[in-house]
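Student: sharing a sequence plus its predicted fold:
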Amino acid sequence: MKAFLFAATALLCTAASAQDTDAPILFTNVNVFASSSGQIIEGGEVLVRGNMVSEVSETPIAVDGAEVIDGGGRTLMPGMIEGHGHVMLASEPATMLLTQDAFEQGARAAARAQAYFEAGFTTVRDMGGNCFGIKKAIDAGVTMGPRIYCGGASIGQTSGHGDFRMPTDGHPRFDGPEFSGNANRQRHTLIADGVDDVRAAVREMLFRGASHIKIHAGGGVTSFTDPLQAAQYTPGEMKAAVEEAERYGTYVATHAQLNNSVWASLDAGVKSIEHGLVLEEDTVIRMAELDVFYSPQAYLPLQDVSGNPQFQAPIQQGKLALVSEGARTAFELAKKHNLKMLWGTDVFGGASIFAQFRQEFAFRDMFFTPTEQLIQISANNGAVLALSGLKNPYPDGALGVIASGAYADIILVDGDPTQDIRILMETDNIDLVMKNGVVYKNTLD
Ligand SMILES: [Zn+2]
(Lines give C-alpha, C1' and ligand atoms only; values in the text may rest on other atoms or scores of the structure.)
Protein backbone atom coordinates (compact mmCIF):
# COMPACT_ATOMS: atom_id res chain seq x y z
CA MET A 1 0.00 0.00 0.00
CA LYS A 2 2.79 2.40 0.93
CA ALA A 3 4.64 1.62 -2.27
CA PHE A 4 1.51 2.21 -4.28
CA LEU A 5 0.94 5.58 -2.69
CA PHE A 6 4.54 6.57 -3.30
CA ALA A 7 4.27 5.56 -6.95
CA ALA A 8 0.99 7.43 -7.30
CA THR A 9 2.57 10.55 -5.82
CA ALA A 10 5.44 10.44 -8.28
CA LEU A 11 2.98 10.06 -11.13
CA LEU A 12 0.98 13.05 -9.97
CA CYS A 13 4.07 15.26 -9.73
CA THR A 14 5.38 14.35 -13.17
CA ALA A 15 2.04 14.91 -14.86
CA ALA A 16 1.61 18.35 -13.35
CA SER A 17 5.08 19.63 -14.10
CA ALA A 18 5.12 18.36 -17.69
CA GLN A 19 2.14 20.45 -18.77
CA ASP A 20 2.63 23.51 -20.94
CA THR A 21 0.14 25.73 -19.13
CA ASP A 22 -0.09 28.26 -21.97
CA ALA A 23 -1.52 25.91 -24.59
CA PRO A 24 -5.28 25.32 -24.66
CA ILE A 25 -6.28 21.75 -23.81
CA LEU A 26 -8.88 19.99 -25.94
CA PHE A 27 -10.60 16.90 -24.60
CA THR A 28 -11.93 14.79 -27.47
CA ASN A 29 -13.93 11.56 -27.64
CA VAL A 30 -15.56 11.98 -24.23
CA ASN A 31 -19.09 11.57 -22.90
CA VAL A 32 -19.70 14.78 -21.01
CA PHE A 33 -21.88 14.71 -17.91
CA ALA A 34 -23.85 17.96 -17.92
CA SER A 35 -24.58 18.35 -14.23
CA SER A 36 -27.19 21.07 -14.61
CA SER A 37 -29.48 18.82 -16.66
CA GLY A 38 -28.24 15.35 -15.73
CA GLN A 39 -27.80 14.57 -19.44
CA ILE A 40 -24.82 12.92 -21.11
CA ILE A 41 -23.39 14.55 -24.25
CA GLU A 42 -22.04 11.57 -26.15
CA GLY A 43 -18.86 11.94 -28.17
CA GLY A 44 -18.43 15.52 -26.98
CA GLU A 45 -15.46 17.83 -26.88
CA VAL A 46 -14.40 20.26 -24.14
CA LEU A 47 -11.91 23.07 -24.60
CA VAL A 48 -9.96 24.47 -21.64
CA ARG A 49 -8.15 27.79 -21.88
CA GLY A 50 -6.07 28.79 -18.90
CA ASN A 51 -7.91 27.81 -15.77
CA MET A 52 -11.41 27.95 -17.25
CA VAL A 53 -13.65 25.86 -19.45
CA SER A 54 -13.96 27.76 -22.71
CA GLU A 55 -16.31 25.62 -24.80
CA VAL A 56 -18.39 22.45 -24.61
CA SER A 57 -19.60 20.99 -27.87
CA GLU A 58 -21.32 17.98 -29.39
CA THR A 59 -19.29 18.52 -32.55
CA PRO A 60 -15.54 18.92 -33.17
CA ILE A 61 -14.03 22.18 -31.88
CA ALA A 62 -11.54 23.85 -34.20
CA VAL A 63 -8.64 25.33 -32.25
CA ASP A 64 -5.02 26.01 -33.15
CA GLY A 65 -2.11 24.75 -31.09
CA ALA A 66 -4.14 22.85 -28.54
CA GLU A 67 -2.81 19.94 -26.56
CA VAL A 68 -5.30 17.16 -27.37
CA ILE A 69 -6.34 14.61 -24.76
CA ASP A 70 -8.24 11.72 -26.35
CA GLY A 71 -10.61 10.51 -23.66
CA GLY A 72 -11.17 7.15 -25.37
CA GLY A 73 -14.92 7.22 -24.72
CA ARG A 74 -14.54 7.85 -21.00
CA THR A 75 -16.95 10.00 -19.00
CA LEU A 76 -15.85 13.58 -18.49
CA MET A 77 -17.50 15.15 -15.48
CA PRO A 78 -16.93 17.98 -13.02
CA GLY A 79 -14.33 17.27 -10.37
CA MET A 80 -16.27 15.88 -7.43
CA ILE A 81 -17.04 18.05 -4.42
CA GLU A 82 -17.03 16.75 -0.85
CA GLY A 83 -19.94 18.65 0.67
CA HIS A 84 -19.12 17.99 4.32
CA GLY A 85 -15.48 17.21 4.99
CA HIS A 86 -12.90 17.64 7.76
CA VAL A 87 -9.48 17.72 6.13
CA MET A 88 -7.69 18.55 9.37
CA LEU A 89 -9.31 15.73 11.36
CA ALA A 90 -7.19 13.01 9.81
CA SER A 91 -6.69 10.92 12.95
CA GLU A 92 -9.01 9.48 15.56
CA PRO A 93 -10.27 12.34 17.77
CA ALA A 94 -8.77 11.07 21.02
CA THR A 95 -5.35 10.60 19.38
CA MET A 96 -5.47 14.08 17.91
CA LEU A 97 -6.55 15.73 21.11
CA LEU A 98 -4.18 13.93 23.44
CA THR A 99 -0.99 13.26 21.52
CA GLN A 100 -0.65 15.40 18.38
CA ASP A 101 0.67 18.90 17.99
CA ALA A 102 -0.40 21.15 15.13
CA PHE A 103 2.62 20.25 12.97
CA GLU A 104 1.83 16.54 12.95
CA GLN A 105 -1.81 17.33 12.23
CA GLY A 106 -0.78 19.51 9.30
CA ALA A 107 1.32 16.72 7.80
CA ARG A 108 -1.54 14.27 8.16
CA ALA A 109 -3.97 16.77 6.66
CA ALA A 110 -1.72 17.15 3.61
CA ALA A 111 -1.86 13.39 3.06
CA ARG A 112 -5.64 13.43 3.52
CA ALA A 113 -6.01 16.24 1.00
CA GLN A 114 -3.95 14.33 -1.54
CA ALA A 115 -5.99 11.17 -1.03
CA TYR A 116 -9.19 13.10 -1.71
CA PHE A 117 -7.59 14.55 -4.82
CA GLU A 118 -6.45 11.24 -6.29
CA ALA A 119 -9.98 9.94 -5.73
CA GLY A 120 -11.34 12.68 -8.01
CA PHE A 121 -12.42 15.22 -5.41
CA THR A 122 -11.26 18.64 -6.54
CA THR A 123 -13.07 20.65 -3.85
CA VAL A 124 -13.84 20.06 -0.18
CA ARG A 125 -16.31 22.16 1.79
CA ASP A 126 -14.66 21.88 5.18
CA MET A 127 -17.17 21.90 8.02
CA GLY A 128 -14.94 22.10 11.07
CA GLY A 129 -11.22 22.20 11.73
CA ASN A 130 -8.38 24.67 11.46
CA CYS A 131 -8.02 24.24 7.70
CA PHE A 132 -6.76 27.73 6.81
CA GLY A 133 -3.08 26.70 6.64
CA ILE A 134 -3.53 23.55 4.57
CA LYS A 135 -5.77 25.49 2.19
CA LYS A 136 -3.07 28.15 1.72
CA ALA A 137 -0.38 25.52 1.14
CA ILE A 138 -2.49 23.75 -1.50
CA ASP A 139 -3.43 26.99 -3.26
CA ALA A 140 0.25 27.98 -3.35
CA GLY A 141 1.17 24.64 -4.95
CA VAL A 142 3.29 23.52 -1.98
CA THR A 143 1.28 20.33 -1.66
CA MET A 144 -1.38 18.79 -3.89
CA GLY A 145 -5.01 18.68 -2.99
CA PRO A 146 -8.48 19.99 -3.63
CA ARG A 147 -9.72 23.53 -3.32
CA ILE A 148 -10.87 24.00 0.25
CA TYR A 149 -13.80 26.10 1.32
CA CYS A 150 -12.73 26.46 4.92
CA GLY A 151 -15.16 27.37 7.68
CA GLY A 152 -12.41 27.10 10.28
CA ALA A 153 -13.37 26.22 13.83
CA SER A 154 -16.95 25.14 14.24
CA ILE A 155 -18.48 27.36 16.89
CA GLY A 156 -20.47 25.93 19.78
CA GLN A 157 -21.55 26.49 23.34
CA THR A 158 -19.92 25.10 26.48
CA SER A 159 -20.79 21.40 26.73
CA GLY A 160 -22.21 21.50 23.22
CA HIS A 161 -21.35 19.33 20.24
CA GLY A 162 -18.22 21.37 19.55
CA ASP A 163 -16.88 21.09 23.08
CA PHE A 164 -14.14 18.50 22.68
CA ARG A 165 -12.21 19.23 25.83
CA MET A 166 -10.83 16.20 27.62
CA PRO A 167 -12.11 15.66 31.17
CA THR A 168 -9.03 17.23 32.74
CA ASP A 169 -8.99 20.31 30.50
CA GLY A 170 -10.05 23.69 31.85
CA HIS A 171 -12.52 26.15 30.38
CA PRO A 172 -11.29 29.04 28.21
CA ARG A 173 -13.17 31.64 30.26
CA PHE A 174 -12.80 30.22 33.76
CA ASP A 175 -9.30 28.77 33.52
CA GLY A 176 -7.74 30.63 30.59
CA PRO A 177 -7.49 29.70 26.89
CA GLU A 178 -4.10 28.04 27.39
CA PHE A 179 -5.71 25.38 29.59
CA SER A 180 -8.74 24.82 27.40
CA GLY A 181 -7.60 21.73 25.51
CA ASN A 182 -6.27 21.04 22.02
CA ALA A 183 -9.56 21.28 20.10
CA ASN A 184 -10.28 24.76 21.37
CA ARG A 185 -6.69 26.01 21.52
CA GLN A 186 -5.82 24.69 18.06
CA ARG A 187 -9.04 26.22 16.70
CA HIS A 188 -10.62 23.04 15.40
CA THR A 189 -13.67 24.05 17.40
CA LEU A 190 -14.31 27.22 19.36
CA ILE A 191 -16.32 27.54 22.55
CA ALA A 192 -18.39 30.72 22.62
CA ASP A 193 -21.22 31.51 25.04
CA GLY A 194 -23.56 34.47 24.90
CA VAL A 195 -24.46 36.76 22.03
CA ASP A 196 -21.33 38.90 22.30
CA ASP A 197 -18.97 35.92 22.37
CA VAL A 198 -20.72 34.31 19.43
CA ARG A 199 -20.40 37.54 17.44
CA ALA A 200 -16.71 37.73 18.30
CA ALA A 201 -16.14 34.07 17.40
CA VAL A 202 -17.80 34.50 13.99
CA ARG A 203 -15.82 37.66 13.32
CA GLU A 204 -12.63 35.86 14.33
CA MET A 205 -13.27 33.06 11.83
CA LEU A 206 -14.04 35.64 9.12
CA PHE A 207 -10.74 37.33 9.95
CA ARG A 208 -8.88 34.01 9.59
CA GLY A 209 -10.40 33.53 6.14
CA ALA A 210 -13.60 31.54 6.64
CA SER A 211 -15.72 31.21 3.51
CA HIS A 212 -18.74 30.21 5.62
CA ILE A 213 -19.57 29.75 9.30
CA LYS A 214 -20.47 26.49 11.02
CA ILE A 215 -22.20 26.51 14.38
CA HIS A 216 -23.65 23.76 16.52
CA ALA A 217 -27.41 24.07 17.04
CA GLY A 218 -28.00 20.76 18.79
CA GLY A 219 -26.59 17.52 20.15
CA GLY A 220 -24.22 15.34 18.14
CA VAL A 221 -23.05 11.75 18.06
CA THR A 222 -19.30 12.28 18.41
CA SER A 223 -19.34 14.52 21.48
CA PHE A 224 -19.32 13.12 25.01
CA THR A 225 -21.33 15.48 27.22
CA ASP A 226 -24.41 16.53 25.25
CA PRO A 227 -27.58 14.50 24.75
CA LEU A 228 -28.56 14.18 21.10
CA GLN A 229 -31.85 15.90 21.90
CA ALA A 230 -30.18 18.93 23.48
CA ALA A 231 -31.08 22.29 21.95
CA GLN A 232 -27.88 24.31 21.72
CA TYR A 233 -27.60 28.07 21.41
CA THR A 234 -30.45 30.45 22.16
CA PRO A 235 -32.34 32.07 19.30
CA GLY A 236 -30.43 35.27 20.05
CA GLU A 237 -27.04 33.58 19.79
CA MET A 238 -27.96 31.90 16.52
CA LYS A 239 -29.38 35.07 15.00
CA ALA A 240 -26.20 36.92 15.99
CA ALA A 241 -24.10 34.36 14.11
CA VAL A 242 -26.28 34.64 11.00
CA GLU A 243 -26.23 38.43 11.15
CA GLU A 244 -22.43 38.59 11.39
CA ALA A 245 -21.97 36.11 8.53
CA GLU A 246 -24.45 37.93 6.30
CA ARG A 247 -22.84 41.29 6.95
CA TYR A 248 -19.75 39.81 5.32
CA GLY A 249 -21.74 38.40 2.45
CA THR A 250 -21.67 34.74 3.46
CA TYR A 251 -23.85 32.22 5.29
CA VAL A 252 -24.18 29.96 8.32
CA ALA A 253 -24.49 26.19 8.27
CA THR A 254 -25.60 24.39 11.42
CA HIS A 255 -24.98 20.99 12.87
CA ALA A 256 -28.63 20.05 13.54
CA GLN A 257 -29.81 16.45 13.88
CA LEU A 258 -33.33 16.71 15.30
CA ASN A 259 -36.47 18.75 14.61
CA ASN A 260 -35.82 21.21 17.46
CA SER A 261 -32.39 22.27 16.24
CA VAL A 262 -33.46 22.34 12.59
CA TRP A 263 -36.47 24.60 13.35
CA ALA A 264 -34.31 26.90 15.47
CA SER A 265 -31.78 27.08 12.62
CA LEU A 266 -34.47 27.92 10.09
CA ASP A 267 -35.91 30.59 12.39
CA ALA A 268 -32.47 32.19 12.60
CA GLY A 269 -31.93 32.27 8.83
CA VAL A 270 -29.45 29.40 8.48
CA LYS A 271 -28.95 28.34 4.86
CA SER A 272 -27.51 24.83 5.16
CA ILE A 273 -28.64 22.07 7.53
CA GLU A 274 -25.87 19.59 8.26
CA HIS A 275 -26.96 16.00 9.08
CA GLY A 276 -30.67 16.46 9.96
CA LEU A 277 -31.21 12.72 10.22
CA VAL A 278 -34.09 12.52 12.72
CA LEU A 279 -36.83 14.61 11.13
CA GLU A 280 -40.60 14.76 10.99
CA GLU A 281 -42.39 15.57 7.76
CA ASP A 282 -43.45 19.10 8.72
CA THR A 283 -39.79 19.95 9.32
CA VAL A 284 -38.86 18.70 5.87
CA ILE A 285 -41.74 20.65 4.32
CA ARG A 286 -40.50 23.84 5.98
CA MET A 287 -36.97 23.19 4.73
CA ALA A 288 -38.39 22.81 1.22
CA GLU A 289 -40.43 26.01 1.52
CA LEU A 290 -37.37 27.98 2.64
CA ASP A 291 -35.28 26.35 -0.09
CA VAL A 292 -32.34 25.62 2.26
CA PHE A 293 -29.63 23.10 1.47
CA TYR A 294 -29.86 19.70 3.14
CA SER A 295 -26.52 18.04 3.87
CA PRO A 296 -27.14 14.55 5.28
CA GLN A 297 -24.88 11.49 5.36
CA ALA A 298 -25.97 7.93 4.56
CA TYR A 299 -22.95 5.72 5.24
CA LEU A 300 -22.22 7.17 8.67
CA PRO A 301 -25.64 6.32 10.20
CA LEU A 302 -26.77 3.37 8.09
CA GLN A 303 -23.75 1.09 8.41
CA ASP A 304 -23.79 -1.43 11.26
CA VAL A 305 -24.07 0.66 14.45
CA SER A 306 -22.10 -1.60 16.78
CA GLY A 307 -19.23 -1.99 14.31
CA ASN A 308 -18.99 1.69 13.33
CA PRO A 309 -15.32 2.54 13.94
CA GLN A 310 -15.99 6.27 14.29
CA PHE A 311 -18.31 5.91 17.29
CA GLN A 312 -17.24 3.16 19.67
CA ALA A 313 -17.71 4.86 23.08
CA PRO A 314 -20.94 3.73 24.83
CA ILE A 315 -22.46 7.23 24.84
CA GLN A 316 -21.70 7.55 21.11
CA GLN A 317 -23.25 4.16 20.42
CA GLY A 318 -26.49 5.20 22.13
CA LYS A 319 -26.73 8.41 20.16
CA LEU A 320 -25.77 6.72 16.89
CA ALA A 321 -28.60 4.22 17.36
CA LEU A 322 -31.12 7.10 17.47
CA VAL A 323 -29.69 8.69 14.33
CA SER A 324 -29.55 5.34 12.57
CA GLU A 325 -33.25 4.75 13.29
CA GLY A 326 -34.19 8.10 11.80
CA ALA A 327 -31.92 8.24 8.78
CA ARG A 328 -33.89 6.09 6.37
CA THR A 329 -37.07 8.09 6.94
CA ALA A 330 -35.17 11.37 6.62
CA PHE A 331 -33.81 10.36 3.22
CA GLU A 332 -37.22 9.22 2.01
CA LEU A 333 -38.87 12.47 3.16
CA ALA A 334 -36.13 14.55 1.57
CA LYS A 335 -36.65 12.78 -1.71
CA LYS A 336 -40.45 13.10 -1.50
CA HIS A 337 -40.23 16.86 -0.93
CA ASN A 338 -37.40 17.39 -3.37
CA LEU A 339 -34.98 19.06 -0.95
CA LYS A 340 -31.82 20.62 -2.35
CA MET A 341 -29.60 17.73 -1.40
CA LEU A 342 -25.85 17.96 -0.94
CA TRP A 343 -23.43 15.03 -1.18
CA GLY A 344 -21.05 14.78 1.76
CA THR A 345 -19.56 12.12 3.97
CA ASP A 346 -18.49 13.84 7.22
CA VAL A 347 -15.52 11.48 7.24
CA PHE A 348 -12.95 12.09 9.95
CA GLY A 349 -10.40 9.80 11.56
CA GLY A 350 -7.42 7.79 10.38
CA ALA A 351 -6.50 6.18 7.07
CA SER A 352 -8.47 2.97 7.65
CA ILE A 353 -11.68 4.95 8.13
CA PHE A 354 -10.95 7.19 5.17
CA ALA A 355 -10.40 4.11 2.98
CA GLN A 356 -14.13 3.41 3.32
CA PHE A 357 -15.55 6.90 2.86
CA ARG A 358 -16.80 6.33 -0.66
CA GLN A 359 -19.24 3.77 0.73
CA GLU A 360 -21.43 6.88 0.77
CA PHE A 361 -22.11 6.18 -2.93
CA ALA A 362 -23.31 2.65 -2.20
CA PHE A 363 -25.54 3.69 0.70
CA ARG A 364 -27.12 6.59 -1.22
CA ASP A 365 -27.72 4.12 -4.04
CA MET A 366 -30.58 2.74 -1.89
CA PHE A 367 -32.46 6.04 -2.23
CA PHE A 368 -31.24 7.85 -5.34
CA THR A 369 -30.55 7.10 -8.97
CA PRO A 370 -26.92 7.42 -10.07
CA THR A 371 -27.79 10.61 -11.96
CA GLU A 372 -29.39 12.11 -8.85
CA GLN A 373 -26.22 11.39 -6.87
CA LEU A 374 -24.07 12.88 -9.61
CA ILE A 375 -26.12 16.08 -9.50
CA GLN A 376 -25.78 16.20 -5.71
CA ILE A 377 -22.00 15.83 -5.83
CA SER A 378 -21.52 18.37 -8.61
CA ALA A 379 -24.23 20.96 -9.36
CA ASN A 380 -25.87 21.03 -5.91
CA ASN A 381 -22.58 21.13 -4.02
CA GLY A 382 -21.35 23.80 -6.42
CA ALA A 383 -24.45 25.86 -5.66
CA VAL A 384 -23.83 25.81 -1.90
CA LEU A 385 -20.22 26.88 -2.49
CA ALA A 386 -21.48 29.90 -4.41
CA LEU A 387 -23.42 30.96 -1.30
CA SER A 388 -20.08 32.06 0.16
CA GLY A 389 -20.64 35.22 -1.87
CA LEU A 390 -18.24 37.98 -0.84
CA LYS A 391 -16.13 35.43 1.05
CA ASN A 392 -15.89 32.99 -1.86
CA PRO A 393 -12.18 32.19 -2.23
CA TYR A 394 -12.71 31.17 -5.88
CA PRO A 395 -15.07 33.83 -7.20
CA ASP A 396 -14.22 33.87 -10.92
CA GLY A 397 -16.33 30.96 -12.12
CA ALA A 398 -18.73 28.22 -11.18
CA LEU A 399 -17.70 24.91 -9.65
CA GLY A 400 -19.50 21.61 -10.11
CA VAL A 401 -20.43 22.20 -13.75
CA ILE A 402 -18.80 21.72 -17.14
CA ALA A 403 -19.78 24.89 -18.97
CA SER A 404 -18.19 27.87 -20.61
CA GLY A 405 -16.93 30.22 -17.89
CA ALA A 406 -16.72 27.53 -15.20
CA TYR A 407 -13.44 26.65 -13.52
CA ALA A 408 -11.65 23.84 -15.33
CA ASP A 409 -12.01 21.26 -12.55
CA ILE A 410 -12.50 18.07 -14.53
CA ILE A 411 -12.15 14.33 -14.09
CA LEU A 412 -12.14 11.51 -16.61
CA VAL A 413 -13.85 8.38 -15.37
CA ASP A 414 -13.35 4.90 -16.83
CA GLY A 415 -16.96 3.77 -17.27
CA ASP A 416 -20.37 5.37 -17.09
CA PRO A 417 -21.31 6.47 -13.55
CA THR A 418 -24.85 7.37 -14.72
CA GLN A 419 -25.37 3.61 -15.11
CA ASP A 420 -23.35 2.42 -12.10
CA ILE A 421 -22.47 4.96 -9.41
CA ARG A 422 -20.10 2.48 -7.73
CA ILE A 423 -17.55 3.12 -10.45
CA LEU A 424 -16.69 6.26 -8.51
CA MET A 425 -15.72 4.25 -5.44
CA GLU A 426 -12.43 3.11 -6.97
CA THR A 427 -9.51 5.50 -7.30
CA ASP A 428 -8.25 3.37 -10.22
CA ASN A 429 -11.32 4.39 -12.24
CA ILE A 430 -10.40 8.07 -11.97
CA ASP A 431 -7.99 8.28 -14.89
CA LEU A 432 -7.43 12.00 -15.03
CA VAL A 433 -7.75 14.83 -12.52
CA MET A 434 -7.57 18.45 -13.65
CA LYS A 435 -7.91 21.36 -11.23
CA ASN A 436 -7.85 24.99 -12.28
CA GLY A 437 -6.82 23.94 -15.78
CA VAL A 438 -3.79 21.93 -14.63
CA VAL A 439 -3.61 18.16 -15.08
CA TYR A 440 -2.35 16.63 -11.83
CA LYS A 441 -3.13 13.00 -12.45
CA ASN A 442 -3.15 11.27 -15.80
CA THR A 443 -3.07 7.50 -16.17
CA LEU A 444 -4.19 7.46 -19.84
CA ASP A 445 -1.74 5.83 -22.21
ZN1 LIG B 1 -18.87 17.02 10.47
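Tutor: Thanks, I have the structure now.

Student: and the stretch 101-250 of the chain, which of its residues are near the ion?
Tutor: M127 (Cβ under 5 Å from the ion). Bear in mind the C-beta positions are built from the backbone N, C-alpha and C, glycine included.

Student: in the stretch 101-250 of the chain, which spans are helices?
Tutor: Shown for the stretch 101-250 of the chain, the helices assigned by DSSP state H, counting those that start in this stretch span residues 102-118, 132-139, 182-185, 195-208, 235-247.

Student: now do the stretch 301-445 of the chain
Tutor: In the stretch 301-445 of the chain, the helices defined using DSSP H, counting those that start in this stretch lie at 314-336, 351-354, 359-364, 370-375, 381-386.

Student: could you export the ones you listed as CSV, including mean neighbour count and distance to I430?
Tutor: Output for these, formatted as CSV (neighbours: other Cβ atoms under 10 Å; distance: least, Cβ to Cβ, whole Å):
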stretch, mean neighbour count, distance to I430
helix 314-336, 18, 26
helix 351-354, 14, 16
helix 359-364, 20, 13
helix 370-375, 21, 14
helix 381-386, 22, 17
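
Student: just put those helices in TSV and tack on distance to the ion.
Tutor: Shown next, in TSV, are the helices of the stretch 301-445 of the chain (distance: least, Cβ to the ion, whole Å):
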stretch	distance to the ion
helix 314-336	13
helix 351-354	13
helix 359-364	13
helix 370-375	20
helix 381-386	15
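
Student: quick one on the thing from earlier: tell me which of the helices of the stretch 101-250 of the chain sits most buried.
Tutor: By mean neighbour count, with neighbours taken as mean count of other Cβ atoms under 10 Å, helix 182-185 ranks first of the helices of the stretch 101-250 of the chain at a mean of 22.

Student: can you spell out which helices and strands pack onto it?
Tutor: Applying 3 or more Cβ pairs under 8 Å, 6 or more residues apart in numbering; DSSP states H and E, one finds that helix 182-185 contacts helix 93-99, strand 189-191.

Student: can you list the strands that the shortest one pairs with?
Tutor: Partner strands for strand 189-191, per DSSP bridges, with pairing direction: strand 154-156 (parallel).

Student: mean confidence (pLDDT) on the strand it pairs with, please.
Tutor: Across strand 154-156, pLDDT averages out at 97.

Student: rewinding a little: redo the helices of the stretch 301-445 of the chain as JSON lines? Include mean pLDDT.
Tutor: Output for these, formatted as JSON lines (pLDDT from 0 to 100):
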{"stretch": "helix 314-336", "mean pLDDT": "92"}
{"stretch": "helix 351-354", "mean pLDDT": "94"}
{"stretch": "helix 359-364", "mean pLDDT": "98"}
{"stretch": "helix 370-375", "mean pLDDT": "98"}
{"stretch": "helix 381-386", "mean pLDDT": "98"}
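
Student: which stretch among the ones you listed comes nearest L47?
Tutor: Closest approach to L47 among these (Cβ to Cβ): helix 381-386, 20.1 Å.

Student: okay, the helices of the stretch 101-250 of the chain in a markdown table with mean pLDDT next?
Tutor: Formatted as a markdown table, the helices of the stretch 101-250 of the chain follow (pLDDT from 0 to 100):
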| stretch | mean pLDDT |
| --- | --- |
| helix 102-118 | 97 |
| helix 132-139 | 98 |
| helix 182-185 | 90 |
| helix 195-208 | 98 |
| helix 235-247 | 98 |
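
Student: and the residue of the protein nearest the ion?
Tutor: D346 (4.2 Å; Cβ to the ion).

Student: neighbours of that residue, just the number please.
Tutor: Look at D346: counted by other Cβ atoms under 10 Å, it has 26 neighbours.

Student: wait, what's in contact with it?
Tutor: Going by Cβ atoms under 8 Å, 6 or more residues apart in numbering, D346 touches H84, G85, H86, M127, E274, H275, Q297, L300.

Student: want to throw those residues into CSV with secondary structure, pLDDT and neighbour count?
Tutor: Output for the contacts of D346, formatted as CSV (DSSP: H, G, I helix; E, B strand; the rest coil; pLDDT from 0 to 100; neighbours: other Cβ atoms under 10 Å):
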residue, secondary structure, pLDDT, neighbour count
H84, strand, 98, 27
G85, strand, 98, 29
H86, coil, 97, 22
M127, coil, 98, 26
E274, strand, 98, 29
H275, strand, 97, 29
Q297, coil, 97, 25
L300, helix, 91, 27
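
Student: export those as JSON lines, with columns for distance to S306.
Tutor: Output for the contacts of D346, formatted as JSON lines (distance: Cβ to Cβ, whole Å):
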{"residue": "H84", "distance to S306": "24"}
{"residue": "G85", "distance to S306": "26"}
{"residue": "H86", "distance to S306": "23"}
{"residue": "M127", "distance to S306": "26"}
{"residue": "E274", "distance to S306": "25"}
{"residue": "H275", "distance to S306": "20"}
{"residue": "Q297", "distance to S306": "18"}
{"residue": "L300", "distance to S306": "14"}
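
Student: D175 and D346: what is the separation?
Tutor: Distance from D175 to D346, counting by Cβ to Cβ, to the nearest Å: 31 Å.

Student: circling back: in JSON lines, list the helices of the stretch 101-250 of the chain along with distance to K336.
Tutor: Below are those laid out as JSON lines (distance: least, Cβ to Cβ, whole Å):
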{"stretch": "helix 102-118", "distance to K336": "32"}
{"stretch": "helix 132-139", "distance to K336": "37"}
{"stretch": "helix 182-185", "distance to K336": "38"}
{"stretch": "helix 195-208", "distance to K336": "34"}
{"stretch": "helix 235-247", "distance to K336": "28"}
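
Student: for D22, which of the ones you listed is the nearest?
Tutor: helix 132-139 (20.6 Å).

Student: show me the contact partners of that closest one.
Tutor: 87-88, 106, 109-110, 113, 126, 143-148, 150, 152, 208-209, 393.

Student: emit the PyMOL select command for whichever of those are buried.
Tutor: Restricted to buried positions by 16 or more other Cβ atoms under 10 Å, the PyMOL selection for the contacts of helix 132-139 reads:
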select buried, resi 87+88+106+109+110+113+126+143+144+145+146+147+148+150+152+208+209
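
Student: and the residue of the chain closest to the ion, how far is that from R125?
Tutor: From D346 across to R125, the span is 11 Å (Cβ to Cβ).

Student: what sits in contact with each of those two?
Tutor: Both D346 and R125 are contacted by H84, G85, under the criterion Cβ under 8 Å, 6+ apart.
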